[in-house]
Each structure stands twice: as structure tokens, then as C-alpha cells.
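Trainee: I need the structure of the sequence given here:
(one chain, ligands or ions: 1)
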Amino acid sequence: DGPKPLSGRRAIVTSGPTHEPIDPVRFIANRSSGKQGHAIAAALAKLGADVTLVSGPVTIPDPSGLQVIHVERAQEMLDAVLAALPADIAVMVAAVADWRVADAAGNKIKKQPGEAPPLLLLTENPDILKTIGHHPQRPALVVGFAAETQNVLENGRAKLERKGADYIVANDVSPETGIMGGDRNAVKVIGKSGVAEWPEASKQDVATQLAALIASHFA
Ligand code: C5P
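Mentor: A predicted model of the protein is given here:
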């Protein structure tokens with residue numbers, strides 16, 4: 001059913017948040033639902049691509065017709081993405097935690113009467129998109145996302161360059177937009193030759209359009 005312009009192409013998609021442990025029972029996370037990334041993985045599969053979806057912890061179901069690898073931490077997500085190479089297409093949609101706790105505790109941190117609260121020392125996580133964008137086995141087409149609350153275009157353009165991506169799909173995730181966790185999205189697709197502002201649409205429709213844009217590169 002439907003044309004398969006991506007048949008024979010391999011795609012890797014990341015989606016969802018990451019959970020970075022503080023101790024065995026606590027973690028740092030973010031509000032990503034995985035809805036946009038999962039929809040993109042499904043849309044690429046629908047066009048015939050052989051898709052590996054690397055998903056952080058989400059409550060939505062695995063899409064059918066593709067391979068799903070479940071991970072928790074950014075480091076695990078990176079390992080799974082690298083293990084899925086080589087690929088023709090990478091779409092990094094996950095809201096990867098920028099930082100993790102430097103020295104996560106092996107046992108639950110206990111509240112001690114009269115003691116000051118613990119201080120969490122953070123350290124930087126690997127940047128999966130940047131790693132893929134500069135990798136010796138870089139996929140032919142690399143797409144990143146940029147969830148911003150300010151200066152969406154400027155930040156998106158800088159990210160395109162810095163991360164070695166072909167496109168950055170930028171969206172405004174300010175709380176009043178309802179985008180983070182919601183069912184709709186309004187994106188600006190930033191490429192090397194300019195910016196396309198797509199009208200607000202469902203995350204499904206944004207995924208379908210993005211998959212079509214990706215397929216046009218392999219036509
Ligand atoms: O730098 P920033 O987090 O805004 O970049 C967002 C883009 O980079 C997204 O495509 C996201 O999936 C990716 N990213 C990543 N690894 C990180 C941080 C972001 O792959 N550690």
C-alpha cells in the first residue's frame with residue numbers, strides 16, 4: 001500500500017527523553033513524550049525504509065513494522081545508535097539529557113535528620129547527533145531537532161553547522177505552545193540553502209512531510 005521510495009534504505013531514529021540516574025530509584029529526565037520521534041520512525045517505515053528506532057523511556061506503544069531498541073541513559077542511546085550503523089538516514093529526535101549526575105550513587109541516597117540536602121554534580125553527556133554528524137560512517141542524510149524556547153531560528157542555524165546535520169527541524173517548546181507532550185507541532189525546517197516554515201499540523205502530519213522530504217533526497 002503506497003509507494004516505497006525508501007525501500008532498501010536503512011534509517012536510525014532516536015526518540016523520547018533519556019533518564020539519567022541519581023541513585024537506583026531516582027533520575028533526571030525531561031518532558032519529551034516520544035510522539036514526534038515515533039511518528040517519524042513509522043512514517044519512514046511506511047515509505048519502505050528499514051528502520052531502527054532507539055527509544056528512551058516513553059509511555060506510548062512501539063510502532064509496528066520496525067525494530068525498536070529501548071534504552072534509558074544517553075550513553076546507552078549513543079551505543080545503540082552506533083551499533084545500528086551503517087545507515088543511509090539518521091533522524092535524531094530524542095530529547096537527550098545534556099547532563100548526567102557525575103557519580104550516580106550505587107545505593108539509595110538516604111535523608112539524614114539534620115543534614116544538608118545532597119549536592120548533585122553534573123557532567124556533560126555525549127552529543128549523539130554531533131557524533132553521528134561527524135562520524136566516519138556518517139549517514140548520507142542527517143537530520144536533527146532543536147527544541148528551543150528562545151531565538152529558535154538563530155539557535156537552529158548554529159546547530160546545523162556545529163552538529164554536522166543536513167537539516168535541523170526547529171520548534172518552539174515554550175510551555176504556552178503545548179508542543180512538548182502535545183499532539184501538534186509547528187516547525188521550521190532549516191537546511192543549508194534556507195528555511196521552510198511549515199504550518200502547524202499534527203505530529204503525524206509533520207512526520208509524513210519530513211519522511212517525504214527525506215525521500216526526495218534519494219529520488
Ligand atoms: O543541542 P541540542 O540539545 O539543542 O540539540 C538538539 C538535537 O541534538 C536533537 O536532534 C537531539 O536529538 C540531539 N542531541 C543528541 N545528543 C545530545 C543532545 C542533543 O543527539 N546529547
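
Trainee: Helix or strand: which one has residue 81?
Mentor: Remark: residue 81 resides in helix 74-83, with elements defined by DSSP states H and E.

Trainee: I'd like to know how many residues surround residue 115.
Mentor: Applying other CB atoms under 10 Å, we find 8 residues neighbouring residue 115. C-betas here are computed from N, CA, C, even on glycine.

Trainee: hang on, the earlier thing: packing partners of the helix holding residue 81?
Mentor: Helices and strands touching helix 74-83, by 3 or more CB pairs under 8 Å, 6 or more residues apart in numbering; DSSP states H and E, are strand 10-15, strand 50-55, helix 128-133.

Trainee: That one relative to strand 50-55, how many degrees between them?
Mentor: Angle between the axes of helix 74-83 and strand 50-55 is 170 degrees (criterion: axes from the mean of the first three to the mean of the last three CA atoms, to 10 degrees).

Trainee: Kindly list the single helix or strand of the chain that scores lowest on mean pLDDT.
Mentor: None of the helices or strands of the chain scores lower by mean pLDDT, DSSP states H and E than strand 184-185, at a mean of 90.

Trainee: Which neighbouring elements make contact with the lengthiest helix in the chain?
Mentor: Identified as the longest helix of the chain according to DSSP state H is helix 203-216. Other helices and strands packing on helix 203-216, by 3+ CB pairs under 8 Å, 6+ apart, are helix 35-46, strand 89-92, strand 141-148, strand 184-185, strand 187-191.

Trainee: Run through the residues of this structure sitting next to the ligand.
Mentor: 14, 74, 92-94, 96, 98, 125-129, 144-146, 159 (CB under 6 Å from any ligand atom).

Trainee: Tell me the buried residues within these.
Mentor: Buried by 16 or more other CB atoms under 10 Å: 14, 74, 92-94, 96, 125, 127-129, 144-146, 159, out of those.

Trainee: Out of the helices and strands packed on helix 74-83, which is the most enclosed?
Mentor: Ranked by mean neighbour count under mean count of other CB atoms under 10 Å, the helices and strands packed on helix 74-83 are led by strand 10-15, which reaches a mean of 28.

Trainee: Any chance you could list what contacts that strand?
Mentor: If you take CB atoms under 8 Å, 6 or more residues apart in numbering as the criterion, strand 10-15 is touched by 32, 34, 36-38, 40-41, 44, 49-56, 58, 77, 81, 84-94, 96, 128, 132, 139, 214.

Trainee: switch the cut-off to 6 Å
Mentor: If you take CB atoms under 6 Å, 6 or more residues apart in numbering as the criterion, strand 10-15 is touched by 34, 37-38, 40-41, 44, 49-55, 81, 84, 87-94.

Trainee: And for stretch 159-175?
Mentor: Here stretch 159-175 makes contact (CB under 6 Å, 6+ apart) with 129-130, 133-134, 141-147, 149, 152, 156, 179-180, 185, 187-191.

Trainee: Drop anything exposed from those.
Mentor: Applying 16+ other CB under 10 Å to the contacts of stretch 159-175 flags 129-130, 133, 141-147, 152, 156, 179-180, 185, 187-190 as buried.

Trainee: Alright, calling it a day.
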